[in-house]
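[1] return atomic coordinates for the entry below.
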Amino acid sequence: QVQLVESGGGLVQTGDSLRLSCAASGRTGSISLMAWFRRAPGKEREFVAAIRGSTLITYYTDSVKGRFTISRGSAKNAWYLQMNSLKPEDTAVYYCAADRDELTPAGVRTSRYDYWGQGTQVTVSS
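    Numbering: from 1, shown residues only. Below is the predicted model:
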């Protein structure tokens, strides 16, 4: 089993930056794919970004391309989401997720990940 804990959320203004962190514990050697999702008020959870643990190939949803960057630490027990130029529409609870499988490029954007964190709130005021 793998446990995930997010940190780094908060209240910021439009244009500000935040860096979210995800700390993994347990059988972290089993992780192949690391990702971030978010759920805005009244909306379904949506994919934000993902990174493959072995190749470091990254994926982003269109609305965050050029503003957000996903990265991971030297070991597969931490990954990050650097969020720049934040907008009010980025307001959401952000979840980190991990999967044991190397999902397809389409699969990384779905919610079929094995492990999930509890979420951290990001609020961007206008």
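
[2] give me the neighbour count for S126.
    Using other C-beta atoms under 10 Å, S126 has 8 neighbouring residues. No exception for glycine: its C-beta is placed from N, CA and C like everyone else's.

[3] number of nearby residues for the nearest residue to it once chain neighbours are set aside?
    Of all residues not flanking S126 in the chain, P88 sits nearest, at 4.8 Å (C-beta to C-beta, 6 or more residues apart in numbering). Residue neighbour count, defined by other C-beta under 10 Å, stands at 11 for P88.

[4] phi, psi of P88?
    Dihedral pair for P88: phi -60, psi -30, per degrees, to the nearest 10.

[5] do D62 as well
    D62 adopts backbone torsions of phi -60, psi -40, taken as degrees, to the nearest 10.

[6] check which helix or strand the residue nearest the centre of the chain maps to.
    The chain has W36 as the residue nearest its centroid, 1.7 Å off, counting by C-alpha atoms, centre = their mean. Using DSSP states H and E, the element containing W36 is strand 33-39.
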